[in-house]
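Undergrad: Return atomic coordinates for the entry below.
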Amino acid sequence: MTPTAEARTVIDGCALATVDAGGTEYAEGHVVIEDGVLVAIGPGPAPAYGGAQTVDGHGCLATPGLINTHHHLYQWLTRGCAPDSTLFEWLVELYPVWARIDADAVHSAAAAGLGWLALSGCSTSMDHHYVYPVVRQGRHSASASGRGDLLAAEIEAARSIGVRFHPARGSMDLGESDGGLPPDHVVEDVDTILEATAQAIDEHHDPSPGSMTRVAVAPCSPFSVTADLLRQSAALARDRGVRLHTHLCETLDEEAFCREKFGRSPTEYVEELGWLGPDVWVAHGIHFDDDAVRRLAGSGTGVAHCPSSNGRLGAGIARVRDLLAAGVPVGLGVDGPASNEHGGLGSELRIALLVARLRDGPTALAGREVLRMATMGGARCLGRQDDIGSIEVGKRADVALWDLTGLGHADMAEDPVTALVMGPPAPLRRLLVEGRTVVADGELVTADVEALGAAARTARRSLLEVGM
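TA: Numbering: from 1, shown residues only. Coordinates of the predicted model:
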């Protein structure tokens, strides 16, 4: 199936949270879309448009489509595994399973995961795919394993679902035999990584406005990659004009690793290698100290905040209030479904608000700040603030229309943003991506969800039966 395309769509009668620079909201307003672009927004009824498809927005709140800034789609196939482990324990248990993935498995996982993300109001998602099983040829070399083009498999899945997609070509080159965490059979050598990453950019990256696919460069983490790979990856990304992404300061174990191996904090270490800047966003950032916050803010580096995954692994609570106060771009991320079995982005708004208040008190984070993180904050992390992330004339038509008429929200109608963020998960009346309908009346219209689930279950059984 393909997303339904409408030349002109009018959403009428909805409450509207634009998330523009001024935080403009309308108690009842309209949105007009032509050829995938927002052309009119305002209070009251929409002007008459001949031949337009009209969506009744009464009782609904229109927001920008949500933006997922950190994910590992292949992990959909291992949800529920190692449920009571720390991050390092969890990785050690699951690396041998993930080492058996192939392109078919990745496609099944990505299609299921992106379909579920769309149903939670997500119009744009990145994915950090860093496991590329290899055949070892001596201790320090590796070659492709013949498991297919894993990155292309998930890009095709994203196109079939109809969401905007930012795949990050991840990598690991520091295996167990060289003092890293991952087993040697899931790491590649530096030359292989750089060649494959350059090829992914050449084949898939689209820098044009409204692009549906943009590629990032994404070595996995300080404890699974070498300094050489980090340095050369940064140079490659900047030469090709693409963004950089990695994990940083997710656990205290990582802090200890960097202090022991490199004599400095994780943030100081990656900064020396060219990994802070306005073209970089990092995942988690739970254990940033004051110096790290200053370095991030001064360099314009973004942070993907993943509250549910952080809680699932017991890793801690990020300093979101301090990051925002310092001016750091902060977006929301689901993280891999094997460390956040819910797998949806809409629920992260409420969790982000609650954990921030657990850390810093009831004024730590407001509902509208959380919505901004999930939209414009995410757009800033991905370098897309000029064309997505808010409902403004001239931007791309990525719009989520949340139904607040049900029992769980109807008595909070005077403040629909608070109802959305603090109430139960709101059904989607409509999700539009590039003006095309991806979700209608709570149903995914671009794919058969039963078929998605069946394919993912088959791929999961294949992995687990052999791997565990």
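Undergrad: Low-confidence ranges, the stretch 101-250 of the chain, go.
TA: Residues of the stretch 101-250 of the chain meeting the criterion pLDDT under 70: 135-146.
Undergrad: got the domain boundaries for the protein?
TA: 4-64+391-444, 66-381 (automatic domain parsing).
Undergrad: any chance of the ones you listed in JSON lines, plus mean neighbour count and distance to Ala454?
TA: Where C-beta positions appear, they are placed from N, C-alpha and C, glycine not excepted. Below are the domains of the chain laid out as JSON lines (neighbours: other Cβ atoms under 10 Å; distance: least, Cβ to Cβ, whole Å):
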{"stretch": "domain 4-64+391-444", "mean neighbour count": "19", "distance to Ala454": "14"}
{"stretch": "domain 66-381", "mean neighbour count": "21", "distance to Ala454": "9"}
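Undergrad: Ala451 is nearest to which of those?
TA: domain 66-381 (8.9 Å; Cβ to Cβ).
Undergrad: Nearest to Arg457, out of the domains of the chain?
TA: Judged by Cβ to Cβ, the one of the domains of the chain that comes nearest to Arg457 is domain 66-381, at 8.8 Å.
Undergrad: end to end, how far does stretch 318-338 reach?
TA: Stretch 318-338 stretches 20 Å from its first residue to its last (Cα to Cα, to the nearest Å).
Undergrad: I figured Cys122 was touching Gly65, is that so?
TA: Yes. Counting by Cβ atoms under 8 Å, Cys122 does reach Gly65; the two are 6.8 Å apart.
Undergrad: sec struct for Thr458, please.
TA: Counting by DSSP: H, G, I helix; E, B strand; the rest coil, the backbone at Thr458 sits in helix.
Undergrad: I'd assumed Ser108 was in contact with it.
TA: Yes. Under the criterion of Cβ under 8 Å, Thr458 makes contact with Ser108 at 7.2 Å.
Undergrad: For the two, list the residues in contact with both.
TA: Listed as contacting both Thr458 and Ser108 by Cβ atoms under 8 Å, 6 or more residues apart in numbering is no residue at all.
Undergrad: would CSV of the domains of the chain with distance to Ser462 be doable?
TA: Compiled in CSV, the domains of the chain are given as follows (distance: least, Cβ to Cβ, whole Å):
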stretch, distance to Ser462
domain 4-64+391-444, 24
domain 66-381, 7
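Undergrad: show me what contacts the closest residue in space to Ala109 that isn't next to it in sequence?
TA: Using Cβ to Cβ, 6 or more residues apart in numbering and skipping the chain neighbours, the partner closest in space to Ala109 is Trp76 (4.1 Å). Neighbouring residues of Trp76 by Cβ under 8 Å, 6+ apart: Ala109, Ala110, Ala112, Gly113, Pro337, Ala338, Gly343, Ala456.
Undergrad: So which residues of the stretch 301-450 of the chain form helices?
TA: Listed in chain order, the helices of the stretch 301-450 of the chain (DSSP state H, counting those that start in this stretch) span 307-312, 320-326, 346-360, 367-372, 378-381, 416-422, 449-467.
Undergrad: Ok, which of the ones you listed comes nearest Asp279?
TA: helix 378-381 (10.6 Å).
Undergrad: CA atoms only for that closest one, dumped as CSV, please.
TA: Taking C-alpha atoms only, helix 378-381 is exported to CSV below (Å, rounded to 0.1, in the frame of the first residue of the first chain):
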residue,chain,number,x,y,z
GLY,A,378,13.4,16.9,17.6
ALA,A,379,13.5,18.9,14.4
ARG,A,380,16.5,20.8,15.7
CYS,A,381,18.3,17.6,16.6
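Undergrad: elements contacting it?
TA: Under the contact definition 3 or more Cβ pairs under 8 Å, 6 or more residues apart in numbering; DSSP states H and E, helix 378-381 sits against strand 66-68, strand 302-305, strand 330-332.
Undergrad: switch the cut-off to 10 Å
TA: Packing partners of helix 378-381 (3 or more Cβ pairs under 10 Å, 6 or more residues apart in numbering; DSSP states H and E): strand 66-68, strand 122-129, strand 280-284, strand 302-305, strand 330-332, helix 367-372.
Undergrad: Quick one: the ones you listed as JSON lines, columns for distance to Pro96 too.
TA: Listed next are the helices and strands packed on helix 378-381 as JSON lines, based on distance: least, Cβ to Cβ, whole Å:
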{"stretch": "strand 66-68", "distance to Pro96": "27"}
{"stretch": "strand 122-129", "distance to Pro96": "18"}
{"stretch": "strand 280-284", "distance to Pro96": "23"}
{"stretch": "strand 302-305", "distance to Pro96": "27"}
{"stretch": "strand 330-332", "distance to Pro96": "31"}
{"stretch": "helix 367-372", "distance to Pro96": "37"}
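Undergrad: Ok, which of the ones you listed comes nearest Tyr26?
TA: helix 367-372 (14.3 Å).
Undergrad: which residues are contacting the closest one?
TA: Here helix 367-372 makes contact (Cβ atoms under 10 Å, 6 or more residues apart in numbering) with 17, 19, 23, 25, 61, 63-64, 66, 305, 307, 320-321, 324, 330-332, 348-354, 356, 366, 377-380, 389-390, 415, 417-422.
Undergrad: can you do 8 Å?
TA: If you take Cβ under 8 Å, 6+ apart as the criterion, helix 367-372 is touched by 17, 19, 23, 63, 324, 332, 349-350, 352-353, 417-418, 420-422.
Undergrad: Thought Leu73 was touching Leu114, still the case?
TA: Yes. Assessed by Cβ under 8 Å, Leu114 is found in contact with Leu73 at 6.9 Å.
Undergrad: Quickly list what's touching both of those two.
TA: Ala157.
Undergrad: surely Leu332 meets Ala379?
TA: No. Checked against Cβ under 8 Å, the pair Leu332 and Ala379 is beyond contact range at 11.5 Å.
Undergrad: Overlap of the contact sets of those two?
TA: Contacts common to Leu332 and Ala379, judged by Cβ under 8 Å, 6+ apart, are Ile67.
Undergrad: Could you measure from Ile41 over to Ala440?
TA: Per Cβ to Cβ, to the nearest Å, Ile41 is found 21 Å from Ala440.
Undergrad: I am finished for the moment; much appreciated.
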